[in-house]
Structures are given as C-alpha cells and as structure tokens.
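*Asks:* I'll drop the sequence and a predicted model, then ask my questions.
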Amino acid sequence: MAGVLSGFAVIAVVIGVGYVLGRRGTLGAQGAEVLTRLAFTVAGPALLFTTLAEADLSVLFSGRLLVTALSTAAVCGVFVAAGTLRGWGVGRTTIGALCSGYVNSGNLGIPIAAYVLGDASLVAPVLLFQVVLVTPVALTILDLSGMGEKGTVRRRLLTPLRNPIAVGSLSGVAVSATGWHLPGPLMNPLTLIGNMSVPAALLVFGMSLHGSTAPGRGRDRPLLVLSVALKSLGQPLVAWVLATTLFGLHGAPLLDVVVTSALPAAQNLFTYASRYRVAESLARESVLLSTVVSVPVLVGVATALG
C-alpha cells in the first residue's frame, strides 16, 4: 500500500504548490495559460518523443495491452454513446470520453507499478497505447471539430501532422522502429525539456483549483458523474472480466492489468481541454474526483488480487 500512497502524495504536493501559486498570483494573470502552452507545444512532445524513442515497441502486441485497449474502448464507447444521445457536442463528448478511459500511466502509474506491482515497466504498454493511438486520434477529432467546414480535405488529412503532441509521439515511434539511438548531444536537451511536462501540467492543474466551484455544481454534472463512474469503477471491472474470461489471466498478470485500469484520469487531459478551450471544468473535476476515488479502489484491488 505504500506505493499507492507514495504516488498520490507526490502528486498532491505539486498540485498544492500550484494552488498556492494561483492563489497568490505569483505567475501573473497569464501564468496558467503560458504553462499550458509550454506543456502542450514544447515539454509534452519532448517527453513523449524521448520516452517512445527508447521504448520496446514489441509490448504493443502483448495480451495485457489487448485487455487495456478493449477496456478503454468499452468505457469510452459508453460515454460517446451517451454524449451522442444527449447532444453533448463533439468537444465535450471527446474530453469526457478521455476522462473515462485515459489513465494516469506516467507520474502516478510509474510509482504505483514500481511499488505495488514490483516493476515500473509494466505501465509501458498502457503508456504506448495512449500516446501512440488514443491521444493523436482524440486531438485530431478536437482539431477537426474546431475547423468546421472551412478546412479543405487536404488540410483535414494533415491535421495530425500539425499537432505537437501527435508529432512528438509518432516521431518517437519512428525512431524506435528504425533502431536508431540519438546521440547524447541531441537526446539530453530533449530529455531535460521533457522533464518539465509533468510538473508543469500538475502546477497548472493546481492553479486552476483556486477560485473554482465545488465539483459537480455546473452544467457538466451528468458528464462528470458518468466519466468518474466509468473511470474509477467501470474500466477496472471491464478489465477484470476480459482478463479472466477471454485471456485466462490470473495471479500477477491479472493484478497488473486491473491495477493499471484502476488508475485515475491523467492530469494532462486538463492541459488538452485548456488548450482547446473546451470542457475545462469537466476535465479538472473529473481528474480530481477520479484521483480521490481511485485511492480506495486501488487499495481494494491490490488487497483482493495481490
């Protein structure tokens, strides 16, 4: 249990620092926006590139990843279906779907995997799946929805190539696939820049909490309740059912996939929402509530399956 609590403690401290910065106005009126742009256009792409450039892409074809992919598709599909029926709009539905199935595999998943599962690399398949497939697809949908009918067919087809997050992810995959190892003078600066991504996202998240209303009081309350329920309870339950019935997993492999599926929504989802100026309160509140709810869920999963 120490790994779960340790991972959450680190995140809480950095978010707390961000809250203090926001409350005191230390970074000025535009501080949060500047940090968001830094994380989205510079630090985030650098982090994804350096991570994927040295990753073992063979993990993309593991059985555990199939469980993760199917459980993610299931909960996101439920949210998209609800959003379509209720007319929530493309932007809000996309952000809500991400909050329902996009797990915090980085700054929370790594320490929990290391201390609870005994191997930090076990989150690699989830990380690769999310940054290589889920993120580019979701951000492309957001890009296209903002363009309306003004974009030409050629412009629409090239949309992923203009998104810095997608470019960083796909470039890292390309480098890893070729087996090329970037020399230190090229990789080290990118690594240094990429290291700003997670703390910047957490600080922005903390700054956004200052002056915000209590969760669940805005017009996005139905979306919030659904996304948190799907993320905190639906996804780990679906992962457990799929792992035991379709893939025959048990013991440590079963614990791995259920724990990673029970991780809360990632903080960088708020960065995406802020960048596109859509469903920001939904992303912020969903990340916050799913993080709180995930503590007893992760403890329960580790106790039952560990």
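*Replies:* Nice, thanks for sending it over.
*Asks:* any low-confidence regions in the stretch 101-250 of the chain?
*Replies:* 106-108, 110-111, 114-116, 118-121, 146-162, 212-216 (pLDDT under 70).
*Asks:* What segments of it are strands?
*Replies:* Remark: no strands are assigned in the stretch 101-250 of the chain by DSSP state E, counting those that start in this stretch.
*Asks:* where along it do the helices fall?
*Replies:* 109-112, 124-129, 135-147, 153-157, 164-178, 184-194, 197-209, 221-229, 235-245 (DSSP state H, counting those that start in this stretch).
*Asks:* With mean neighbour count and distance to Gly300 as extra columns, can I get these in CSV?
*Replies:* (Glycine included, C-beta is placed from N, CA and C.) Shown next, in CSV, are the helices of the stretch 101-250 of the chain (neighbours: other C-beta atoms under 10 Å; distance: least, C-beta to C-beta, whole Å):
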stretch, mean neighbour count, distance to Gly300
helix 109-112, 22, 14
helix 124-129, 24, 20
helix 135-147, 18, 29
helix 153-157, 10, 45
helix 164-178, 19, 33
helix 184-194, 14, 34
helix 197-209, 24, 26
helix 221-229, 22, 16
helix 235-245, 20, 10
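*Asks:* Surely Thr72 is in contact with Pro236?
*Replies:* No. Using C-beta atoms under 8 Å as the test, Thr72 is too far from Pro236 to be in contact (11.6 Å).
*Asks:* still on that earlier bit, nearest to Leu282, of the helices of the stretch 101-250 of the chain?
*Replies:* helix 221-229 (5.4 Å; C-beta to C-beta).
*Asks:* what angle do that closest one and helix 235-245 make?
*Replies:* Put simply, helix 221-229 runs at 40 degrees to helix 235-245, going by axes from the mean of the first three to the mean of the last three C-alpha atoms, to 10 degrees.
*Asks:* Give the buried residues for whichever helix in the chain runs longest.
*Replies:* Taking DSSP state H as the criterion, the chain has its longest helix at helix 280-305. Buried residues in helix 280-305, defined by neighbour count with 16 or more other C-beta atoms under 10 Å: 280-291, 293-295, 297-299, 301-302, 305.
*Asks:* Run through the neighbouring helices and strands of it.
*Replies:* helix 2-24, helix 90-101, helix 197-209, helix 221-229, helix 252-261, helix 268-276 (3 or more C-beta pairs under 8 Å, 6 or more residues apart in numbering; DSSP states H and E).
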